[in-house]
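Colleague: what follows is a predicted protein model with its sequence.
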Amino acid sequence: MKKEICVGVIGIGARGESLLRDVVLKSEGVRVGAVCDLYKDRADTGAKHVLESGQTMPIVTTDYNDVINADGIDAVLIFSAWESHVEIAIKAMKNKKAVAMEVGGAYSIKQCWDLVDTYEETGSEFMFLENCCFGRRELMVRNMVSKGLFGEVVHAEGGYHHDLRREISFGKENRHYRLRNYLTRNCENYPTHELGPIAKVLNINNKNRLLSLTSTASKAAGLHDYILKNKPEDTELANLRFMQGDIVTTVIKCSSGETITLTLDTTLPRFYSRGFTVRGTNAMYEEATDSVFVDCKEDMAHDFDWKTECFGNAEKYTDEYEHPVWKKYLSEGVQGTHDGMDWLEFQVFFKALREGRKMPVDVYDAAVWMSITPLSEQSIASGSSPVEIPDFTRGKWVLSDSDTPIEY
């Protein structure tokens, strides 16, 4: 078992800097051997954080190939812009580097196949960094379902509900990739926060798979309105036409009969939510109200009094249904960003890497979940027509008996 893991960090923007500073550099037995960003000032900021943590000066570069080709780097952590994720991951795997890749949608189905093919050809370790799969409530519901509380699961919903109007509108100033994507694409561009936990609940790629989808996009009005009100001096941006619809609704059909509804909602005023909802024959969970509703045969009066009976009651179920990983995590002390999900996710990755275990969110998960973006784009462009979702496991989903457990 390897005691120290040397990592190269690629992408030191807002997300990358936070993960480097608050998670990676605070993880025991992890050394940062290289930092890279397209912008030199960001790369220098990464090096500054490494030195301040007490580690030695890393390689500092604006060319990710320098990280991939560096001797002594065990794993490459990819936090760069969406467009570069798959390209970097493939080159790293071909150079026998383990990969932990941040989330985002793919730009083509070919990208997804290239990712799977490279993994199968090289055998390099790969983990998709979908932190929401490690969320406390997401894992509790997953545990509830496995223990039978929900009965037979029939439907699930999720969304990326996040007001990003300022981030997108000031994309030029902040050197942020979302602006160019919202200008040129119309799709479910960020599907994995909502789909990842649902896929794990429904055992996707393990005796179940995603079959097809339809996607529908509303008109694009939110960003234009925001820019006119909050950035009127930017006449160039105010005169551009955004392609990305304000609300995108995607409906997915599964081979075992379940349905999934995903909603992208990032350019209108709203509160943050991932909309995680699971519906079964015996119970339901709703993230927006943090509520568990269990069927009661004796009294149906609660049908109209759910706010009194169920609103915000999920905490009552933790004694019995808290996921074992979170029981341990809570006892040790939750840390890191995003309510502790980021820390937990990376500790799981580093542990699997040290011990040679299978990654709990693997390349097949990445390919299937990321494929929703180009497939939704195709469906929207053709009038919300149904689109088939490829089987990136090449039939192995039929043979798999269970999902890879989370080892923390």
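Modeller: All right, it came through fine. Numbering: from 1, shown residues only.

Colleague: for residue 269, what are its contacts?
Modeller: residue 163 (C-beta atoms under 8 Å, 6 or more residues apart in numbering). For glycine as for every other residue, the C-beta is placed from the backbone atoms N, C-alpha and C.

Colleague: per-residue pLDDT, it?
Modeller: If you check residue 269, the pLDDT there is 98.

Colleague: and what of residue 299?
Modeller: 50.

Colleague: what's the first-to-last distance across stretch 27-41?
Modeller: Using C-alpha to C-alpha, to the nearest Å, the end-to-end distance of stretch 27-41 comes out at 24 Å.

Colleague: pull out the buried positions in it.
Modeller: Across stretch 27-41, burial judged by 16 or more other C-beta atoms under 10 Å covers 27, 30-38.

Colleague: now the residue most central in space within the chain: how far from residue 152?
Modeller: Among the residues of the chain, the one closest to the centroid is residue 130, at 3.3 Å (C-alpha atoms, centre = their mean). Separation of residue 130 from residue 152 (C-beta to C-beta, to the nearest Å): 25 Å.

Colleague: same check, this time on residue 100
Modeller: Residue 100 is 35 Å from residue 152, by C-beta to C-beta.

Colleague: these two: which is more packed in?
Modeller: residue 100 (27 against 12; other C-beta atoms under 10 Å).

Colleague: quick one: list the elements packing against the helix or strand that one falls within.
Modeller: Taking DSSP states H and E as the definition, one finds residue 100 inside strand 98-102. Applying 3 or more C-beta pairs under 8 Å, 6 or more residues apart in numbering; DSSP states H and E, one finds that strand 98-102 contacts strand 75-78, helix 85-94, strand 126-129, helix 341-355.

Colleague: can you give me the buried ones in the first one?
Modeller: Put plainly, it is strand 75-78. For strand 75-78, by 16+ other C-beta under 10 Å, it's 75-78.

Colleague: just the residues you listed now: which is nearest residue 354?
Modeller: residue 75 (10.5 Å; C-beta to C-beta).

Colleague: follow-up on the earlier one: got JSON lines for the buried residues of strand 75-78, with pLDDT and distance to residue 387 too?
Modeller: Below are these laid out as JSON lines (pLDDT from 0 to 100; distance: C-beta to C-beta, whole Å):
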{"residue": "75", "pLDDT": "98", "distance to residue 387": "34"}
{"residue": "76", "pLDDT": "98", "distance to residue 387": "32"}
{"residue": "77", "pLDDT": "98", "distance to residue 387": "32"}
{"residue": "78", "pLDDT": "98", "distance to residue 387": "27"}
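
Colleague: got CSV for the residues you listed, with distance to residue 397 too?
Modeller: Below are the buried residues of strand 75-78 laid out as CSV (distance: C-beta to C-beta, whole Å):
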residue, distance to residue 397
75, 27
76, 28
77, 28
78, 26
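
Colleague: among those residues, which pair sits farthest apart?
Modeller: By the measure C-beta to C-beta, 75 and 78 form the most distant pair in the buried residues of strand 75-78, at 10.1 Å.

Colleague: how close does the nearest residue to residue 95 once chain neighbours are set aside get to residue 119?
Modeller: Spatial nearest neighbour of residue 95, chain neighbours left out: residue 68 (5.1 Å); criterion: C-beta to C-beta, 6 or more residues apart in numbering. The spacing between residue 68 and residue 119, counted by C-beta to C-beta, is 16 Å.
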